[in-house]
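1. here is my input; please provide its structure:
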Amino acid sequence: MLKKSCCICWASGHRKYGHIVNNYRKITLLVVVVFILFLLSSCAIAPTHKALHSSVLPDLIPLREFIANTDANFNYQISPDGKKLAWIAVKGTQLTIFFRTVEGDTVQNIDSHSDDSIFHFVWAQDSRTLLYHQDTDGDENYHVYSVSIDEPAGLPVDLTPVKDSQATILAIPRDDPEHIFIKHNERDKTVFDLFRINLKTHKIEKIAHNPGDTYNWLIDKTGKLRGRYRKLTETTNRFERLSIDGNSWEKILDWDFDDLFYVVDFTSDLDFLWVLSNLDRDKTALLRMDLRNNSMQQVYSEKDIDLDDVYISKVTSNPLFVTSMPDYPQIHFFDSDIETEFNLLKQQHKGYLQIVSGDNLERTVILTVSSEKKRSHYLYQRDSRKMTLLGTAPLSRYASSLSTTTPVSFKSRDGLNINGYLTVPKGLEGKTVPMVLKVHGGPWARDRYGIDETIQFLANRGYAVLQINYRGSTGYGKKFMEAAIGEFGAKMHSDLIDGVNWAIAEGIADRDKICIMGRSYGGYATLIGMSFTPESFACGVEVVGPSNLVSLLETAPAYWKHIMPFFYKYVGDPGIAEQRKAMEDRSPLFKVNNVQNPLLIVQGANDPRVKQQEADQIVKALRGSGKEVDYLLFKDEGHGIRKWQNNMVFYRRMEDFLAKHLGGRSAGFDYYELAIPFF
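-> Purely as a prediction, here's the structure:
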């Protein structure tokens with residue numbers, strides 16, 4: 001008995017001892033990991049700039065909270081029947097589509113069966129099918145996918161299985177829930193043919209063959225092809241309608257190729273069009289066009305700003321409101337009852353309200369309430385006046401530590417009124433601080449008011465951030481945009497320098513600690529700043545920007561065919577010797593000897609717009625001239641950095657780069673970096 005008992009005790013003790021050993025190993029590993037994390041976290045860089053060093057600053061917000069937050073949620077959309085809700089959020093390490101019923105709380109998500117995230121989607125009119133675009137590693141060869149909420153784990157259907165081509169959803173007609181219209185360029189990479197797809201059978205039917213000069217098509221709410229936009233000549237566009245018998249095209253209107261004429265929708269009787277246009281005027285206005293005699297009548301415009309968008313009622317087919325952004329967002333209502341309802345909501349919710357989605361009966365809508373520090377999404381049921389919080393931008397939890405953004409304006413050296421936004425780091429108000437000049441891309445775009453993770457990241461690290469809507473930016477009228485003709489690297493850049501000088505004169509920016517940063521055109525502006533006005537900037541961060549205007553246009557994507565005249569007008573035509581020389585004179589590649597201070601250059605290898613050679617060639621030239629340049633090339637990115645793991649690498653490098661050259665602070669190692677090798 002004793003031996004048996006001892007034997008049992010030995011076996012039990014052996015198992016217990018083995019368990020202790022395993023636990024010891026785990027604990028040891030945990031201690032080692034924690035110790036490593038402690039050492040790495042101690043690599044945080046304290047600020048060296050005197051303004052930051054002597055101030056009480058808010059807590060450092062971890063980098064992952066800005067660019068890899070697993071609580072991210074956005075793009076809430078109500079289904080056409082008003083019974084379902086879908087949005088984008090994180091599953092594992094990717095963004096995908098989540099959904100639930102309006103009245104339920106069971107949340108499901110789709111499985112895209114892809115390594116790439118989904119950033120946007122739309123509901124089909126059947127309120128059961130979700131549609132989205134997806135490319136591969138940023139190559140912009142988008143396919144259109146559909147997935148049923150009845151089988152969210154099933155393999156999404158590739159509705160456009162065309163190789164090395166770009167497909168886009170063109171229309172989802174309200175009165176034809178079985179079909180959608182898409183366009184793709186499989187046949188000819190320079191133009192897009194029109195197709196109709198049956199969402200039940202997935203059958204694709206060619207509706208219109210592109211003769212080579214059509215750049216868009218118009219579908220009405222019944223699912224009928226009604227019009228097309230043509231590039232008639234190098235300088236003239238034409239809008240045509242399809243004849244009643246469907247056998248010919250009839251001219252409606254001709255206009256100059258760089259003016260705006262955009263059909264938003266039809267009236268309910270299909271005899272009129274709601275149009276956003278700046279024809280025969282400086283600012284974009286809402287017009288009503290009579291298709292019976294082609295006359296146009298102005299419905300609404302703003303004096304000093306273009307209209308951004310118009311919301312057409314799905315019930316009456318009349319405009320409900322228009323939006324614009326002179327500085328902060330603003331809305332003009334055409335329906336007094338909706339305006340009263342909206343104003344009551346504004347009194348209850350602090351911030352700027354926007355209507356982002358609605359069902360077909362316009363009784364259930366999605367609203368956002370936002371500022372530069374917070375964004376919340378609400379479901380609003382108009383019949384019951386019930387407002388339900390759906391989600392909040394995760395950065396909002398740090399609102400008390402975030403910085404304030406205010407509109408600013410100044411005069412350019414030749415008298416233009418230039419607008420923009422200034423964000424001053426919390427705790428440093430009224431002090432002269434290091435500054436980042438963040439230049440928007442496009443250049444035919446603009447900076448806008450609202451919460452921006454990159455802006456708040458920079459401010460949290462101790463930098464004022466200046467955003468300038470330089471000449472050529474959209475939103476301020478035709479004359480303001482046309483002031484940029486021939487001014488790449490010239491007056492467009494002097495607007496930026498004038499903004500920097502304004503910030504210095506106002507006591508905001510330390511003239512010796514200013515960085516220029518930007519993506520796409522903003523990247524080009526960064527290279528211009530570092531090579532044309534090197535005394536203005538202590539460093540530069542350039543992302544997917546062209547270094548040579550000639551090679552940029554000579555390698556442009558084939559599907560840019562119809563917008564190339566626009567580039568030729570504003571930038572120059574490399575096929576004309578005199579203009580080619582002028583373009584080279586305004587290209588940073590040929591001015592690298594002027595560069596005095598460090599550059600961080602970032603590029604996506606799959607970028608179809610600004611090819612990798614744009615970064616390669618200037619990095620080679622800079623290094624050949626003995627200049628300080630750090631080069632990050634991401635093999636699985638395109639025209640921008642979308643994947644969280646790549647952004648972790650980029651932002652961590654940028655964080656330390658700016659701390660070194662501007663004197664701000666860095667949080668140092670972020671433990672999310674440990675996961676990067678696994679992805």
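2. surely Asn460 meets Leu63?
-> No: with contact defined as CB atoms under 8 Å, Asn460 does not reach Leu63; the gap is 9.6 Å. C-beta coordinates here come from the backbone N, C-alpha and C atoms, glycine included.
3. who are the packing partners of the lengthiest strand in the chain?
-> The residue-count maximum for a strand in the chain (DSSP state E) belongs to strand 509-519. Contact here means 3 or more CB pairs under 8 Å, 6 or more residues apart in numbering; DSSP states H and E; on that basis strand 509-519 packs against strand 433-439, helix 491-505, helix 521-532, strand 539-543, helix 644-662.
4. quick check, distance from that strand to the centre of its chain.
-> Taking CA atoms, centre = their mean, to the nearest Å, the mean C-alpha location of strand 509-519 is offset from the chain mean by 23 Å.
5. again, but for stretch 129-139
-> The answer for stretch 129-139 is 15 Å, by CA atoms, centre = their mean.
6. how long is it end to end?
-> 26 Å (CA to CA, to the nearest Å).
7. same question for stretch 65-83.
-> With CA to CA as the measure, stretch 65-83 spans 33 Å from end to end.
8. so which bits of that stretch are buried?
-> Using 16 or more other CB atoms under 10 Å as the test for burial, stretch 65-83 gives 65-69, 72-82.
9. and stretch 275-293, by the same measure?
-> Using 16+ other CB under 10 Å as the test for burial, stretch 275-293 gives 275-279, 282-289, 291.
10. contacting residues around it?
-> If you take CB atoms under 8 Å, 6 or more residues apart in numbering as the criterion, stretch 275-293 is touched by 241, 252, 255, 259-264, 267, 270-274, 295-307, 309-310, 319, 322, 477-479.
11. quick one: mean pLDDT for it?
-> Stretch 275-293 comes out with an average pLDDT of 96.
12. doesn't Thr340 lie inside a strand?
-> No: assigned with DSSP: H, G, I helix; E, B strand; the rest coil, Thr340 falls outside any strand and is helix.
13. what about it, distance to Phe333?
-> Here the criterion is CB to CB, to the nearest Å. By it, Thr340 lies 9 Å from Phe333.
14. what's the answer for Thr235, then?
-> Thr235 is 38 Å from Phe333, by CB to CB.
15. and the two? Which one has more around it.
-> More neighbours surround Phe333 than the other of Thr235 and Phe333, with 17 against 11 (other CB atoms under 10 Å).
16. the more buried one touches Leu320, doesn't it?
-> Yes: using CB under 8 Å, Phe333 is in contact with Leu320, at 6.9 Å.
17. before we move on, back to that, by how many degrees do the longest strand of the chain and helix 644-662 diverge?
-> For strand 509-519 against helix 644-662, the angle by axes from the mean of the first three to the mean of the last three CA atoms, to 10 degrees is 160 degrees.
18. what angle separates strand 509-519 from strand 539-543?
-> With the same axes, to 10 degrees defining the directions, strand 509-519 sits at 20 degrees from strand 539-543.
19. quick one: strand 509-519 to helix 521-532, angle?
-> Following the same axes, to 10 degrees, one obtains 130 degrees for the angle between strand 509-519 and helix 521-532.
20. the nearest residue to Asp636 once chain neighbours are set aside: neighbour count?
-> Among residues not flanking Asp636 along the chain, Asp137 sits closest, at 4.2 Å (CB to CB, 6 or more residues apart in numbering). By other CB under 10 Å, 17 other residues sit near Asp137.
21. assign a three-state SS to Asp137, would you?
-> Applying three-state DSSP: Asp137 is coil.
22. what residues are up against it?
-> With CB under 8 Å, 6+ apart, Asp137 has these contacts: Asp116, Asn606, Lys635, Asp636, Glu637, Gly638.
23. on that earlier part again, can you flag which of the buried residues of stretch 275-293 belong to strands?
-> Val275, Leu276, Ser277, Ala285, Leu286, Leu287, Arg288, Met289.
24. what bridges to the second one?
-> When bridges are assigned using DSSP bridges, the partners listed for Leu276 are Tyr262, Leu286.
25. any idea how far it lies from Pro608?
-> Counting by CB to CB - Leu276 and Pro608 are separated by 28 Å.
26. contact partners for the spatially closest residue to Ser396 that is not a sequence neighbour?
-> Excluding its sequence neighbours, the residue lying closest to Ser396 (CB to CB, 6+ apart) is Lys374, at 4.1 Å. Contact partners of Lys374, counting by CB under 8 Å, 6+ apart, are Gly351, Thr392, Ala393, Ser396, Ala399, Ile451.
27. now distance to Asn210, secondary structure and pLDDT too, for those, in CSV please.
-> Shown next, in CSV, are the contacts of Lys374 (distance: CB to CB, whole Å; DSSP: H, G, I helix; E, B strand; the rest coil; pLDDT from 0 to 100):
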residue, distance to Asn210, secondary structure, pLDDT
Gly351, 45, coil, 91
Thr392, 44, strand, 96
Ala393, 41, coil, 96
Ser396, 45, helix, 95
Ala399, 49, helix, 95
Ile451, 40, coil, 95
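28. alright, calling it a day.
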